[in-house]
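Student: following is a predicted model, sequence given first.
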Amino acid sequence: MPVLWLAAMRHASWARTPQLILSALVAIGPLATMARSQELQEVTPAGVKAILTEPGLEITGAHHPDVTIVEYFDYNCPYCKRVVPTFRELIAGDKKIALVYKDWPVLGQSSLYAARCALAAGWQGKYLVAHDALLAGPRLSQNLQIESILGGAGIDVEKLKKDLASHSGEITALLARNDAEAHALELDGTPGILVGRHLMPGGADLSFFEKLVAAVRSESK
(Lines give C-alpha, C1' and ligand atoms only; values in the text may rest on other atoms or scores of the structure.)
Protein backbone atom coordinates (compact mmCIF):
# COMPACT_ATOMS: atom_id res chain seq x y z
CA MET A 1 0.00 0.00 0.00
CA PRO A 2 1.53 3.37 -0.97
CA VAL A 3 2.46 5.72 1.82
CA LEU A 4 0.23 8.76 2.21
CA TRP A 5 2.95 11.33 1.86
CA LEU A 6 3.71 10.41 -1.74
CA ALA A 7 0.50 12.23 -2.66
CA ALA A 8 1.63 15.25 -0.70
CA MET A 9 4.82 15.54 -2.70
CA ARG A 10 2.88 15.40 -5.97
CA HIS A 11 0.14 17.83 -4.95
CA ALA A 12 0.34 21.04 -6.97
CA SER A 13 -0.31 23.30 -3.99
CA TRP A 14 2.45 21.85 -1.79
CA ALA A 15 5.06 24.37 -2.88
CA ARG A 16 2.81 27.22 -1.74
CA THR A 17 2.27 25.82 1.76
CA PRO A 18 5.21 27.57 3.54
CA GLN A 19 4.22 30.95 2.11
CA LEU A 20 0.61 30.46 3.18
CA ILE A 21 1.69 29.62 6.71
CA LEU A 22 4.00 32.58 6.94
CA SER A 23 1.12 34.89 6.11
CA ALA A 24 -1.48 33.01 8.11
CA LEU A 25 0.02 32.60 11.55
CA VAL A 26 -0.73 35.15 14.23
CA ALA A 27 0.01 35.19 17.95
CA ILE A 28 -2.88 36.61 19.93
CA GLY A 29 -1.83 35.78 23.45
CA PRO A 30 -2.30 32.95 25.93
CA LEU A 31 -5.44 30.85 26.10
CA ALA A 32 -7.15 32.22 29.19
CA THR A 33 -7.84 28.97 31.04
CA MET A 34 -4.38 27.45 30.45
CA ALA A 35 -2.00 30.41 30.68
CA ARG A 36 -0.78 29.72 34.19
CA SER A 37 1.03 26.53 33.26
CA GLN A 38 1.96 27.08 29.59
CA GLU A 39 2.43 30.00 27.24
CA LEU A 40 0.02 29.38 24.40
CA GLN A 41 -0.31 31.16 21.10
CA GLU A 42 -3.15 30.83 18.65
CA VAL A 43 -2.73 29.93 14.99
CA THR A 44 -5.25 31.19 12.45
CA PRO A 45 -7.61 28.66 10.83
CA ALA A 46 -5.83 29.19 7.51
CA GLY A 47 -2.50 28.37 9.13
CA VAL A 48 -3.81 25.15 10.68
CA LYS A 49 -5.42 24.15 7.39
CA ALA A 50 -2.10 24.60 5.58
CA ILE A 51 -0.25 22.51 8.17
CA LEU A 52 -2.78 19.68 8.01
CA THR A 53 -3.40 19.64 4.25
CA GLU A 54 -1.69 16.48 3.01
CA PRO A 55 0.81 16.66 5.88
CA GLY A 56 3.10 14.16 4.22
CA LEU A 57 2.76 11.34 6.72
CA GLU A 58 0.28 8.78 7.89
CA ILE A 59 -1.76 10.03 10.83
CA THR A 60 -2.08 8.05 14.03
CA GLY A 61 -5.18 7.97 16.20
CA ALA A 62 -8.69 8.81 15.02
CA HIS A 63 -9.58 8.69 11.32
CA HIS A 64 -12.22 11.39 11.82
CA PRO A 65 -10.88 13.44 14.75
CA ASP A 66 -12.49 16.42 16.38
CA VAL A 67 -9.07 17.51 17.71
CA THR A 68 -5.75 17.07 15.91
CA ILE A 69 -2.37 17.38 17.61
CA VAL A 70 0.72 18.20 15.56
CA GLU A 71 4.21 17.66 16.98
CA TYR A 72 7.42 19.07 15.52
CA PHE A 73 10.11 16.81 16.97
CA ASP A 74 13.72 15.65 16.82
CA TYR A 75 14.79 12.06 17.52
CA ASN A 76 17.57 13.26 19.83
CA CYS A 77 15.33 15.60 21.83
CA PRO A 78 14.92 14.26 25.39
CA TYR A 79 11.67 16.19 25.82
CA CYS A 80 10.27 14.59 22.68
CA LYS A 81 11.12 11.20 24.13
CA ARG A 82 9.33 12.04 27.37
CA VAL A 83 6.11 13.05 25.66
CA VAL A 84 5.78 9.74 23.76
CA PRO A 85 4.06 7.80 26.57
CA THR A 86 1.88 10.82 27.31
CA PHE A 87 0.60 10.95 23.74
CA ARG A 88 0.18 7.18 23.68
CA GLU A 89 -1.98 7.30 26.81
CA LEU A 90 -3.90 10.33 25.55
CA ILE A 91 -4.83 8.66 22.26
CA ALA A 92 -5.65 5.35 23.94
CA GLY A 93 -8.09 7.10 26.25
CA ASP A 94 -9.69 9.41 23.68
CA LYS A 95 -10.79 7.95 20.35
CA LYS A 96 -11.49 11.35 18.79
CA ILE A 97 -7.90 12.64 18.79
CA ALA A 98 -5.48 12.33 15.87
CA LEU A 99 -1.73 12.91 16.03
CA VAL A 100 0.48 14.14 13.21
CA TYR A 101 4.26 13.88 13.57
CA LYS A 102 6.40 16.44 11.76
CA ASP A 103 10.09 15.46 11.59
CA TRP A 104 12.15 18.56 12.35
CA PRO A 105 15.80 17.47 12.82
CA VAL A 106 17.57 20.40 14.46
CA LEU A 107 20.06 18.65 16.75
CA GLY A 108 22.78 17.63 14.34
CA GLN A 109 23.60 15.24 11.53
CA SER A 110 22.51 12.11 13.41
CA SER A 111 19.09 13.62 13.94
CA LEU A 112 18.91 14.43 10.24
CA TYR A 113 19.91 10.93 9.18
CA ALA A 114 17.41 9.42 11.61
CA ALA A 115 14.63 11.58 10.22
CA ARG A 116 15.51 10.71 6.64
CA CYS A 117 15.60 7.00 7.50
CA ALA A 118 12.26 7.14 9.29
CA LEU A 119 10.66 8.87 6.32
CA ALA A 120 12.23 6.37 3.93
CA ALA A 121 10.72 3.56 6.01
CA GLY A 122 7.38 4.92 4.86
CA TRP A 123 7.92 3.15 1.54
CA GLN A 124 7.77 -0.08 3.54
CA GLY A 125 4.65 1.13 5.33
CA LYS A 126 6.70 1.38 8.52
CA TYR A 127 7.16 5.08 9.27
CA LEU A 128 5.46 4.80 12.65
CA VAL A 129 7.48 1.68 13.49
CA ALA A 130 10.67 3.60 12.74
CA HIS A 131 9.46 6.66 14.63
CA ASP A 132 8.66 4.70 17.78
CA ALA A 133 11.87 2.66 17.66
CA LEU A 134 14.14 5.69 17.26
CA LEU A 135 12.45 7.70 20.01
CA ALA A 136 12.52 4.72 22.37
CA GLY A 137 16.25 4.17 21.90
CA PRO A 138 19.36 5.88 23.25
CA ARG A 139 20.83 9.13 22.00
CA LEU A 140 21.69 8.72 18.34
CA SER A 141 25.26 9.44 17.30
CA GLN A 142 26.16 7.17 14.37
CA ASN A 143 24.48 6.07 11.17
CA LEU A 144 25.21 2.41 11.86
CA GLN A 145 23.54 2.74 15.26
CA ILE A 146 20.41 4.18 13.64
CA GLU A 147 20.33 1.43 11.04
CA SER A 148 20.78 -1.21 13.75
CA ILE A 149 17.83 0.15 15.74
CA LEU A 150 15.64 0.16 12.65
CA GLY A 151 16.71 -3.33 11.64
CA GLY A 152 15.90 -4.55 15.13
CA ALA A 153 12.42 -3.08 14.75
CA GLY A 154 11.75 -5.21 11.69
CA ILE A 155 12.61 -2.72 8.96
CA ASP A 156 14.44 -3.99 5.87
CA VAL A 157 17.60 -1.87 6.04
CA GLU A 158 18.77 -2.72 2.53
CA LYS A 159 15.47 -1.61 1.04
CA LEU A 160 15.59 1.43 3.32
CA LYS A 161 18.94 2.47 1.84
CA LYS A 162 17.60 2.08 -1.69
CA ASP A 163 14.55 4.19 -0.84
CA LEU A 164 16.78 6.80 0.79
CA ALA A 165 18.57 7.17 -2.52
CA SER A 166 15.67 6.86 -4.95
CA HIS A 167 13.33 9.13 -2.97
CA SER A 168 15.94 11.58 -1.72
CA GLY A 169 14.28 14.56 -3.36
CA GLU A 170 10.88 13.84 -1.87
CA ILE A 171 12.34 13.35 1.60
CA THR A 172 14.32 16.58 1.32
CA ALA A 173 11.20 18.44 0.18
CA LEU A 174 9.12 17.17 3.09
CA LEU A 175 11.78 18.10 5.63
CA ALA A 176 12.05 21.54 4.04
CA ARG A 177 8.29 21.97 4.36
CA ASN A 178 8.39 20.99 8.03
CA ASP A 179 11.28 23.38 8.63
CA ALA A 180 9.41 26.23 6.94
CA GLU A 181 6.34 25.55 9.06
CA ALA A 182 8.37 25.41 12.28
CA HIS A 183 10.02 28.74 11.51
CA ALA A 184 6.68 30.28 10.57
CA LEU A 185 5.43 29.15 13.97
CA GLU A 186 8.53 30.80 15.48
CA LEU A 187 9.51 27.63 17.30
CA ASP A 188 12.75 27.92 19.25
CA GLY A 189 13.28 24.17 19.52
CA THR A 190 11.63 20.82 19.96
CA PRO A 191 9.07 19.77 20.74
CA GLY A 192 6.67 22.29 19.29
CA ILE A 193 3.12 21.06 19.79
CA LEU A 194 -0.04 22.33 18.16
CA VAL A 195 -3.33 21.25 19.78
CA GLY A 196 -6.16 22.36 17.57
CA ARG A 197 -5.21 25.99 16.95
CA HIS A 198 -3.18 26.38 20.14
CA LEU A 199 0.60 26.25 19.94
CA MET A 200 2.67 25.33 22.98
CA PRO A 201 6.46 25.21 23.29
CA GLY A 202 7.67 22.07 25.05
CA GLY A 203 5.77 19.17 26.52
CA ALA A 204 3.37 18.77 29.42
CA ASP A 205 1.78 16.04 31.49
CA LEU A 206 -1.32 14.04 30.56
CA SER A 207 -3.63 16.15 32.70
CA PHE A 208 -2.61 19.33 30.92
CA PHE A 209 -3.21 17.83 27.48
CA GLU A 210 -6.59 16.49 28.54
CA LYS A 211 -7.62 19.92 29.79
CA LEU A 212 -6.32 21.63 26.66
CA VAL A 213 -8.17 19.18 24.40
CA ALA A 214 -11.35 19.84 26.40
CA ALA A 215 -10.82 23.59 26.02
CA VAL A 216 -10.34 23.23 22.26
CA ARG A 217 -13.56 21.26 22.00
CA SER A 218 -15.49 23.79 24.04
CA GLU A 219 -14.25 26.59 21.78
CA SER A 220 -15.52 24.82 18.68
CA LYS A 221 -19.08 24.54 19.97
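Tutor: On my side now, so go ahead.

Student: which strand or helix spans the closest residue to Leu174 other than its chain neighbours?
Tutor: Leaving aside its sequence neighbours, Leu174 sits nearest to Gly56 (Cβ to Cβ, 6 or more residues apart in numbering; 4.6 Å). Every residue, glycine included, has its C-beta placed from N, CA and C. Secondary structure from DSSP states H and E places Gly56 outside every helix and strand.

Student: surely Gly56 touches Ala176?
Tutor: No: contact criterion Cβ atoms under 8 Å: Gly56 and Ala176 do not qualify, at 10.8 Å.

Student: between those two, who's got more neighbours?
Tutor: Taking other Cβ atoms under 10 Å, Gly56 and Ala176 do not tie; Gly56 has more neighbours (28 against 11).

Student: centre of the chain to the strand or helix carrying Leu144, how far?
Tutor: Assigned by DSSP H and E, Leu144 belongs to helix 143-152. Relative to its parent chain, helix 143-152 has a centroid offset of 21 Å by Cα atoms, centre = their mean, to the nearest Å.

Student: which stretches of the protein form strands?
Tutor: Here the chain has its strands, by DSSP state E, at 41-42, 60-61, 67-73, 97-103, 192-195, 198-201.

Student: can you list the low-confidence ranges for the protein?
Tutor: Applying pLDDT under 70 to the chain flags the ranges 1-39, 221.

Student: quick one: which of the strands of the chain is nearest Glu89?
Tutor: Glu89 lies closest to strand 97-103 among the strands of the chain, at 11.1 Å (Cβ to Cβ).

Student: ok so, going back, what packs against the helix holding Leu144?
Tutor: Contact here means 3 or more Cβ pairs under 8 Å, 6 or more residues apart in numbering; DSSP states H and E; on that basis helix 143-152 packs against helix 109-120, helix 127-136, helix 157-166.

Student: what's the most buried one of those helices?
Tutor: Ranked by mean neighbour count, the helices and strands packed on helix 143-152 are led by helix 109-120 with a mean of 23 (mean count of other Cβ atoms under 10 Å).

Student: which elements pack onto it?
Tutor: strand 97-103, helix 127-136, helix 143-152, helix 157-166, helix 168-184.

Student: now with 6 Å?
Tutor: Where contact means 3 or more Cβ pairs under 6 Å, 6 or more residues apart in numbering; DSSP states H and E, helix 109-120 is packed against helix 127-136, helix 143-152, helix 157-166.

Student: quick check: Gly108 vs Phe73, distance?
Tutor: Look at Gly108 and Phe73: by Cβ to Cβ, to the nearest Å, they are 14 Å apart.

Student: which residues does Lys126 contact?
Tutor: Lys126 makes contact with Ile155 under the criterion Cβ atoms under 6 Å, 6 or more residues apart in numbering.

Student: distance of it relative to Asp156?
Tutor: Using Cβ to Cβ, Lys126 is found at 9 Å from Asp156.

Student: what of Gly203?
Tutor: As for Gly203, its distance to Asp156 is 32 Å (criterion: Cβ to Cβ).

Student: higher neighbour count, those two?
Tutor: Counted by other Cβ under 10 Å, Gly203 and Asp156 do not tie: Gly203 has more neighbours, with 23 against 14.
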